[in-house]
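Student: I would like to see how this sequence folds:
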Amino acid sequence: MAMKNKKWKKIVQHTIMIVFTLIMIYPLVWMVSSSLKESSSVFVDAHSLIPEGWHFENYITGWKGFGGISFSTFFINSAIISVVATIGSILSSTLIAYGFARVKFAGKNIWFVCMMLTMMLPFEMVMIPQYIMFNKFNWIDTYLPLILPTFFGIPFFIFLIMQFIRTIPTELDEAAKIDGCNSFQIFYRIIVPLIVPAMMTSAIFSFYWRWDDFMGPLIYLSTPEKYPVSLALKLFSDPNSVTNWGAMFAMSTLSIVPIFVIFFLFQRYIVDGISTSGLKS
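Tutor: Coordinates of the predicted model:
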C-alpha cells in the first residue's frame, strides 16, 4: 500500500512539473512559431502554433535591419557591452568579496551593510541621479554608463562569491602566509582557483542581464548605430506605419540563441556555484 502511495505521489509530482514546464515554454514556442508566419496573420492566428505557410524570409528581412544598419551591427554592440561589462563585474566583485571575507579593516560590517542595502534600492530611484551625473561627465550616447559602473562591483555577485569564499578553510591562507605569500598572492594563487564555480555563475548571470537590458540603452543611447539587440527590436514597432511582426519575432528568436548556448555550455557552473555558496564550513 505504501509503495502504491509513493507511486501515485511521484505521478502527481511529475504531472504538475510537466504542466508548469509547458506553461513556461509556451511563450517561447509561440514566438518561434510567429517568426515563421506571415506578418499579417501573426495575431489573427495567434491561437495556432503551426504556421499555415513557413515564411523563412522573415529572418532574411529582419536581418537587413533599418536604414542600412543590419542586425549584425546590433548583435556586435550587444556582445561588446555584455562581454566587457561581465569581465568588469566579475573582476571587481571577486576582489571586493575577498576583502569582505578574508581581510580585516575598520568599519567592515558597516560597509557590508551599506553594500547590501544598495540591493534594495529600485532602479527608478537612482535612474535620474545617475543620468544627471553621467550627463555632466559627457558620457551620454556612449557605452560608458552601461559598462564602467560594473568595474566597481555588483552587490549580488559580491555576496554570492563572498559566501563561496567562506567555505574555503582559513588554514589554506595561513599555510600560504608561512610560505611567504602576501594577501594579494593568497587571493590569486589560492582563492581564485577554488572559487571558479561562483565566478562562472556570476559571469553567466551578468551576461544574461546585460544582453537583455533594455532600460539602460534606452536612457543613454541615441545613435541607432550604437543600439544593442534589445533596443533595436523596438525599431520594428512603428505606430506611424505597418509593423513587420514576422521579422520582429524572427530577430527576437535569434536574440535568445546566445543565451541558450551559454546556458547549455556552463549550466553545471550555475548548479555548483549556487548550491555551494550558501554553505559555510
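Student: Leaving out the residues flanking it, which one is nearest to V83?
Tutor: F207 (7.5 Å; Cβ to Cβ, 6 or more residues apart in numbering). Every residue, glycine included, has its C-beta placed from N, CA and C.
Student: Same check on V242?
Tutor: Excluding the flanking residues, the one nearest V242 by Cβ to Cβ, 6+ apart is S39, at 7.8 Å.
Student: Spit out the contact partners of the one you found.
Tutor: Counting by Cβ atoms under 8 Å, 6 or more residues apart in numbering, S39 makes contact with 58, 242-247.
Student: rewinding a little: the residue nearest to V83 - how many residues pack around it?
Tutor: 22 (other Cβ atoms under 10 Å).
Student: tell me which element it is part of?
Tutor: Using DSSP states H and E, F207 sits within helix 196-212.
Student: Dihedrals phi and psi, F66?
Tutor: F66 adopts backbone torsions of phi -140, psi 140, taken as degrees, to the nearest 10.
Student: Identify the residues contacting the helix holding F207?
Tutor: 78, 81-83, 85-86, 89-90, 93-94, 146, 150, 154, 156-157, 160-161, 163-165, 192, 228-230, 255, 258-259, 262-263, 266, 269-270, 272-274, 276-277.
Student: Give the next helix or strand downstream of the host helix or strand of A101.
Tutor: Element membership for A101 (DSSP H and E) is helix 71-102. Counting by DSSP H and E, the next helix or strand C-terminal to helix 71-102 is helix 108-118.
Student: What would that next one look like as CSV? C-alpha coordinates only.
Tutor: C-alpha atoms of helix 108-118 as CSV (Å, rounded to 0.1, in the frame of the first residue of the first chain):
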residue,chain,number,x,y,z
LYS,A,108,34.0,46.3,7.7
ASN,A,109,30.5,45.4,8.9
ILE,A,110,29.1,48.9,8.3
TRP,A,111,30.4,48.9,4.7
PHE,A,112,29.0,45.4,4.2
VAL,A,113,25.6,46.5,5.4
CYS,A,114,25.7,49.6,3.2
MET,A,115,26.5,47.4,0.2
MET,A,116,23.6,45.0,1.0
LEU,A,117,21.2,48.0,1.3
THR,A,118,22.0,49.1,-2.2
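Student: got the buried residues for that helix?
Tutor: For helix 108-118, a neighbour-count test (16 or more other Cβ atoms under 10 Å) marks 112, 115 as buried.
Student: what is the orientation angle of the helix holding F207 with helix 71-102?
Tutor: Relative orientation of helix 196-212 versus helix 71-102 (axes from the mean of the first three to the mean of the last three Cα atoms, to 10 degrees): 140 degrees.
Student: After helix 196-212, heading C-terminal, what element do we hit next?
Tutor: Per DSSP H and E, helix 196-212 leads on to helix 215-220 as the next helix or strand towards the C-terminus.
Student: Which other helices and strands does that next one contact?
Tutor: helix 123-136, helix 144-147, helix 229-232 (3 or more Cβ pairs under 8 Å, 6 or more residues apart in numbering; DSSP states H and E).
Student: List of residues touching stretch 110-124?
Tutor: In contact with stretch 110-124 (Cβ under 8 Å, 6+ apart) are residues 100, 153, 155-156, 158-159, 215.
Student: Now neighbour count, secondary structure and distance to P169 too, for the contacts of S39, in CSV please.
Tutor: Output for these, formatted as CSV (neighbours: other Cβ atoms under 10 Å; DSSP: H, G, I helix; E, B strand; the rest coil; distance: Cβ to Cβ, whole Å):
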residue, neighbour count, secondary structure, distance to P169
N58, 25, helix, 56
V242, 8, coil, 65
T243, 13, coil, 59
N244, 19, coil, 59
W245, 20, helix, 57
G246, 25, helix, 58
A247, 23, helix, 56
